[in-house]
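Q: Provided below for reference: sequence and predicted model.
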Amino acid sequence: MKVIFPSLEFFRALQTLMQSERERFKRLGYFDTTFGVRVLDGPRAHQYVLRFEVFECTEVRAVNDLGREAVDFILEGELAAWVEMLRNIRQHGAADVTHSINTLTHLGERMRVVYDDPDGHDKLYRFAESVQEFIDLAAKLEIEFPQRSDTAHAGA
Amino acid sequence: MSYLSTIDFFEDKDFIDKYQYTLRTGELDLSWMNAATEKVQCEPQNARRGLTFRDCDVGSYGFTDMPELIRQNRSFAPRGAEIPAGVPDLQAEVNRKSEVWAYNIEGYYEEAMSRQWNATTDVPWEELRKYELPEAIGKAYSQLLTFLTEVEMIATDVPAKWMGRLNADFFEVKNFIATQAMDEARHAEVFRKRALTTGWGLMRASKANECNLKFLRDADSFAEASLTLHLQAEGMVLTLFRFSELISPTEVDKKMFRLVMQDEARHVGYGMQHLKWVLDHFPERREIIHRHLDEAENFVFGGGYATEVLEPFIILSGKGMKKENIEQGLKITAQFNLKQIDEYFERLDKCGLPERRERSKLALAMEMTRAVIAAQ
Amino acid sequence: MAYFAEKNFFEDLELIELTQRVFAGDLTLNWYNSPTEKVACTPRDAVRGLTYEDCNVGTYGYGGLPEFVRNNYSMAARGSEIVPGLPDLGYTINRKSDVWSENVAALYEEAKTRRWTPAVDIDWSALKAAPLPADLEAAVSQLCTSLEEISLVMMELPSRWVSAINQEFLELKSYLCAQMIDEARHVEIFRKRALAGGTGLKRASASAEQALKEILFAETYPEASLACNVMLASLILGVFQQSAAISAVDAKIFRLCMQDTARELAYGVGHIRYHLQHQPQRAEYLHDYLDRTEHTFLGIAASPELLEPLIVLAGKGTSKAALADGSQRVRKFLQHTVDAYLERLSAIGLDRRTRSRLPKFVATNAP
């Protein structure tokens, strides 16, 4: 299945894959959070809302401004960082230790966690394994990345 | 009442200087690299079971070689770690292994960790829609559930009360206590939830049983607390769960009782293995144990006042309130009572206290019950 | 200390007669028409199951719990018929806002579903298949030795209080049980990690233990919860975040531990928020407590037995260059962690950004 990143189709594909691995995600437990993904692409930002409830991803939306959405936290990074992470996931079947969401966002160097409420921020950690395994589903996708100088070698 | 560290870390110049120097220069002490501890590499003996505490029972880290009296460690230092000067005293009151230990404690803990079921999702609550219980059965069942939800968390409170009083070297016991606390919260939860689904809600509290809970709570030692809680009380409750599974009004309830039974049997197992250990290693406790059981059994007999437990059982096992139902219910309940006491003595016998049967006044209860059965 | 029954029941003729009557079929049925509320709770979401929130109805619910519980000192289930003569089980914590958090029932449900098992949920064979270099493995062992110490305290803290808390606060007590088992799991995982890596345990920490004892022996439950579930948990969450990049096995270990600790934080934050909403006069009291107690954060974080392995692991080695790099990374991590801690306090009504002494010790431009 070929999808472009970043795109709504990409996140919908992850949602579909999560559905097919329902038992695995159920085993991880309740997954109750709504978070945003912001991919910074020069002057533009590709922004998405992902809602998770009980054991499923119940909603995936593209939005113009995550600042106006009720999300617990936003995972934000430059396109090149996202591309590098996804290439790493594809290469290894799952993110390696330098490309996990936690490592990339830990000190805000490659990616950042943006939030209004520390309670919302802490949901990234309460559901850490589920978030990571959701993103790791990208290993099963054939992803087309934008052809640009900053992404061409990112994670290659 | 609170403890104050012997160092104020914001004010201690040596501490602050060393910390700031370390971060500024990257020059580390690294003396911990040469800690005087044993080098080991523990591996799972059974890959499917994973890495267990039994796999980690090696050398100075293990529980097998743990001495009877813990003289060296009164701190939080993990067993087998190097203990530096200046560690605080935890004020542990229990430092004798045979006060707390049980054969297979590590096995019970691992089993508990892997068998944590969930009252919210593992009971098929949706299937209850298929059933409509007659009033007598519904009420009797709700009353039984009220008793069960009432008493379960004594087995959270009592062991939890002791956890912090045990020497840190007994962490397998502390960890087991944590699993039991969670097991009992789950039991209180499932029985409460089930009562609230019946249409009748909760019913009457039980004075006789509450007084028994207070006795369980106020034991003088961990060994006595465990004896009456795990072995006597939970042993009798285990028999109750097994009978409750038998007389369950729906398939959903049968499943529920099978799930709670698993946990209860584990607690009873610990209680039995603990008593065995105590009698093997601390035989001078035998008479104290008997005295404690004397009073525990007094409360058991006093449970006869708890008609709010006995009568629902009669109605449920006889499946109704007509004369013939009550007669049938009395037969089953009498058998259950006998079995409960018999299994209690059997457990004590297996643990090395066979003389309890002769000594116990519960023989009176058994006599009365046999008379009931004979009259039927 | 032992409690004795009000009588010798074996000689109680009234009891023997009662039992004989019942067993002759003459039931009392004194419970049959209990005047309690009739309810039939069902799951609002069949997939989620029957939660405590679904059972939060009428006299049974936690929503209607009074601030001061005066009517029940026994374990009689909330909403059941209270009969005369129930004993006093000795609860000393009977005020809701001393313990409650609005999210406690939800956190209990979450904790149950998100449990994991160290023995089998970690790929232990991968440690042997891809061992770390000796100095890094030694650092992991030292880190795990310290984390085992800390987890033991975080397990014992709720155990010290749970039996003193009124049983009416059932969902809260149940959550504390979940916290105990979460920390038992941490005691287990860190010990096993140290023993499986080829090094064994390392050194306990006198300074960290002194600090931990001060937290553990807090005088009141709100203080204990603030110190452990907000302050200490903020530090430990930071340590877990920092440590999740060591190896693939450790990444999973620390991510799973992160989940448990973040839940404790969610309770701690919710608890203190609720406490201050209902007892606003306690804010200065808690500020004063933190003025005296925040030094323990530094006492733990700056203990060589925790600080140094974090530096070695952050710099990925013990060469001069690696340690210099590692120490800068750890300095940054400590500042980040303190910032997050102060942010949490601010969100719950305890703004300490100018009052706390911690920032000056972790500032990246500190001496």
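A: Noted; the coordinates are in hand.

Q: can you count the residues close to residue C:289?
A: Counted with other CB atoms under 10 Å in any protein chain shown, residues neighbouring residue C:289 total 19. Where you see a C-beta, it was placed from the backbone N, CA and C, and this is true even at glycine.

Q: what's the closest non-adjacent residue to the residue nearest in space to the middle of chain A?
A: When chain A is reduced to its mean C-alpha position, the closest residue under CA atoms, centre = their mean turns out to be residue A:135, at 5.3 Å. In this structure, residue A:135 finds its nearest non-sequential neighbour in residue A:101, 6.2 Å apart by CB to CB, 6 or more residues apart in numbering or on different chains.

Q: Touching, that neighbour and residue A:133? I think so.
A: No. Taking CB atoms under 8 Å as the definition, residue A:101 is not a contact partner of residue A:133, at 10.4 Å.

Q: which element is the closest residue to residue A:45 other than its chain neighbours on?
A: Residue nearest to residue A:45 in three dimensions, not counting chain neighbours: residue A:38, with 5.4 Å by CB to CB, 6+ apart. Per DSSP states H and E: residue A:38 is located in strand A:33-41.

Q: which element follows that strand toward the C-terminus?
A: Using DSSP H and E, the helix or strand that follows strand A:33-41 towards the C-terminus is strand A:44-53.

Q: Between strand A:33-41 and that next one, find me the angle.
A: 160 degrees (axes from the mean of the first three to the mean of the last three CA atoms, to 10 degrees).

Q: Quick check, pLDDT for the residue nearest to the centre of chain A.
A: We have a pLDDT of 97 for residue A:135.

Q: Residue A:78 now?
A: 96.

Q: just checking, it touches residue A:40?
A: Yes. Counting by CB under 8 Å, residue A:40 is a contact partner of residue A:78 at 4.9 Å.

Q: Longest helix in chain B, please.
A: helix B:251-281 (DSSP state H).

Q: Report the mean per-residue pLDDT for it.
A: The pLDDT scores in helix B:251-281 average 93.

Q: Does the residue nearest to the centre of chain A lie in a helix or a strand, and which?
A: Per DSSP H and E: helix A:128-136 holds residue A:135.

Q: elements contacting that helix?
A: Judged by 3 or more CB pairs under 8 Å, 6 or more residues apart in numbering or on different chains; DSSP states H and E, the packing partners of helix A:128-136 are helix A:8-20, helix A:22-28, helix A:79-92, helix A:101-105, helix C:248-278.

Q: For the fourth one, which helices and strands make contact with it?
A: When you say that, I think you mean helix A:101-105. Packed against helix A:101-105 by the contact rule (3+ CB pairs under 8 Å, 6+ apart) you find strand A:73-78, strand A:111-114, helix A:128-136, helix C:248-278.

Q: can you do 10 Å?
A: Helices and strands touching helix A:101-105, by 3 or more CB pairs under 10 Å, 6 or more residues apart in numbering or on different chains; DSSP states H and E, are strand A:73-78, helix A:79-92, strand A:111-114, helix A:118-126, helix A:128-136, helix C:233-243, helix C:248-278.

Q: likewise the third one?
A: If contacts are counted by 3+ CB pairs under 10 Å, 6+ apart, helix A:79-92 sits against strand A:33-41, strand A:44-53, strand A:73-78, helix A:101-105, strand A:111-114, helix A:128-136, strand A:142-144, helix A:149-152.

Q: Run the angle between that helix and helix A:128-136 for me.
A: Using the same axes, to 10 degrees: helix A:79-92 against helix A:128-136 is 90 degrees.

Q: ok, which residues in chain B are in contact with chain A?
A: Contact residues, chain B versus chain A (CB under 10 Å from any CB of the partner chain): B:118, B:120, B:121.

Q: if we look at chain C, which of those residues are close to it?
A: Among those, the residues that sit close to chain C (CB under 10 Å from any CB) are B:118, B:120, B:121.

Q: which residues are common contacts for residue A:78 and residue A:40?
A: Common contact partners of residue A:78 and residue A:40 (CB atoms under 10 Å, 6 or more residues apart in numbering or on different chains): residue A:111.

Q: neighbours around whatever residue of the stretch 201-350 of chain C ends up closest to chain A, how many?
A: Of all residues in the stretch 201-350 of chain C, the one sitting closest to chain A is residue C:262 (3.5 Å; CB to the nearest CB). By other CB under 10 Å, the residues close to residue C:262 number 21.

Q: Give me the distance between it and residue A:142.
A: Distance of residue C:262 to residue A:142, given as CB to CB, to the nearest Å: 34 Å.

Q: what's the answer for residue C:47, then?
A: Taking CB to CB, one finds residue C:47 at 31 Å from residue A:142.

Q: And for residue B:235?
A: Distance from residue B:235 to residue A:142, by CB to CB: 60 Å.
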